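A.B. asks: A predicted structure for the sequence below; I have some questions about it.
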Amino acid sequence: MAQTIYLVTNRNLIDAKDGKICFGKTFNKKGAHELRLAKITGTPSNWKMELIPETSKKNPPSKKTFVELLKKMRAQKRNCLFFVHGFNNMVEDVVDRCMGFQKAFNVEVVAFSWPADEGIVGATNYRSQKLEAQQSVYAFDRTLKKLNEYLIEFAEERCELTFNLALHSMGNYLLKNFMKSSEHARDALIFDNVILMAADTNNEGHADWVDRLQHRTRIYITINEYDSALKLSAMKFGKLQKVRLGHYTKNLLSTKAVYLDFTHANGVGDDHSYFEGDLLEDNPDIKEIFKKVLNGQTVEETLEYDPHSRLHRVP
């Protein structure tokens, strides 16, 4: 069955070998601040992309696309997930993951994609992608400002529908830099839940910026102490690299965030992406938790709480 997701990106536009348009591995030729909007329809293995150019400032096509999204949400009674990916993700990977979110959690999906394509895994590539995440802050800011503008204009149509932000891995490093910038839409109340999944950013000092995140319902931070990708990140990429937020169970000092510990959840092991794949079928508790938080609901009241570590344990 065909699915539809939306993609906002500061990547460069390319013509693929089969003649279809797609986005590439570098920044837009006009610069890292330049944005393009696309509608993607099909299946994870067979999809097509429709570019939506901003041809009118008075009645921009992005507004028409937002109205289309709202109509779909209301008709299908679906909430919206705004997703930011992490390290080493090609556009094809982003589309596959977002369509997976839509199918597993019954949400409409809008993704923000920055140039983070697969390369030789090593310190040089890792550092270059951190720089690209930093350079994408203004484009991310522009995206959220536009989203907030439309949400205000069409507030009545939103009704009880929720908009939720989920960031995976290095996408949280982009968010951290966004929150530390001086002139951004960070103070706008856009999202119901904000979910920091397997965050590849410093545990140290995270409360300083996490507690400034605006949200209507909850901020969730997911942790897997055995996360192999984050352990590698902490050990391998330079002496200045510190323990990562998404795999460290100490120093959890945010006064606003709810910390969800997946470390000993059945089937998780050393997984870095424990919100997708066969694991969701093998462990229905995990699927239910992510379904709720990605739809703007709360989950901590059903979980065992450890007051010493401030963690809510996922079974």
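C.D. replies: Thanks, I have the structure now.

A.B. asks: any idea what Asn202 is bridged to?
C.D. replies: Asn202 has these beta-bridge partners by DSSP bridges: Arg244.

A.B. asks: and it, how far from Asn266?
C.D. replies: Asn202 is 29 Å from Asn266, where distance means C-beta to C-beta, to the nearest Å. The C-beta positions use only the backbone N, C-alpha and C, and glycine is treated the same way.

A.B. asks: higher neighbour count, these two?
C.D. replies: Asn202 (18 against 14; other C-beta atoms under 10 Å).

A.B. asks: in the sheet, who's paired with Ala257?
C.D. replies: Counting by DSSP bridges, Ala257 is bridged to Ile219.

A.B. asks: list the contacts of it.
C.D. replies: 196, 207, 210-211, 219-221 (C-beta atoms under 8 Å, 6 or more residues apart in numbering).

A.B. asks: go with 6 Å
C.D. replies: Applying C-beta atoms under 6 Å, 6 or more residues apart in numbering, we find Ala257 in contact with 210, 219, 221.

A.B. asks: from those, which is closest to Val91?
C.D. replies: Distance ranking of those against Val91, using C-beta to C-beta, places Ile221 first at 27.0 Å.

A.B. asks: wait, that closest one sits on Ala198?
C.D. replies: No. Contact criterion C-beta atoms under 6 Å: Ile221 and Ala198 do not qualify, at 9.6 Å.

A.B. asks: neighbour-wise, which of these two wins?
C.D. replies: Between Ile221 and Ala198, counted using other C-beta under 10 Å, the more crowded position is Ala198 (28 against 24).

A.B. asks: okay, that one: pLDDT?
C.D. replies: Residue-level confidence at Ala198 comes out at 98, pLDDT.

A.B. asks: test my guess that it contacts Met170.
C.D. replies: No. With contacts counted by C-beta under 6 Å, Ala198 stays clear of Met170, the gap being 9.7 Å.

A.B. asks: quick one: low-confidence ranges for this protein?
C.D. replies: Applying pLDDT under 70 to the chain picks out residues 16-19, 118-124, 182-185, 236-240.

A.B. asks: SS state for the most far-flung residue of it relative to its centre?
C.D. replies: Distance from the C-alpha centroid of the chain peaks at Lys58, with 29.7 Å (C-alpha atoms, centre = their mean). Lys58 falls in the coil class when you classify it by DSSP: H, G, I helix; E, B strand; the rest coil.

A.B. asks: before we move on, what about Leu144?
C.D. replies: helix.

A.B. asks: could you check how far it is from His33?
C.D. replies: For Leu144 relative to His33 (C-beta to C-beta), the value is 14 Å.

A.B. asks: what distance do you get for Ile5 to Glu108?
C.D. replies: The gap separating Ile5 from Glu108 is 8 Å, by C-beta to C-beta.

A.B. asks: report the beta-bridge partners for the nearest residue to Asn295 once chain neighbours are set aside.
C.D. replies: Nearest non-adjacent residue to Asn295, counting by C-beta to C-beta, 6 or more residues apart in numbering: Asn79, 4.7 Å away. Under DSSP bridges, the beta-bridge partners of Asn79 are Val107.

A.B. asks: ok, Thr4 next?
C.D. replies: Thr41.

A.B. asks: I'd like the distance between it and Asp282.
C.D. replies: 28 Å.
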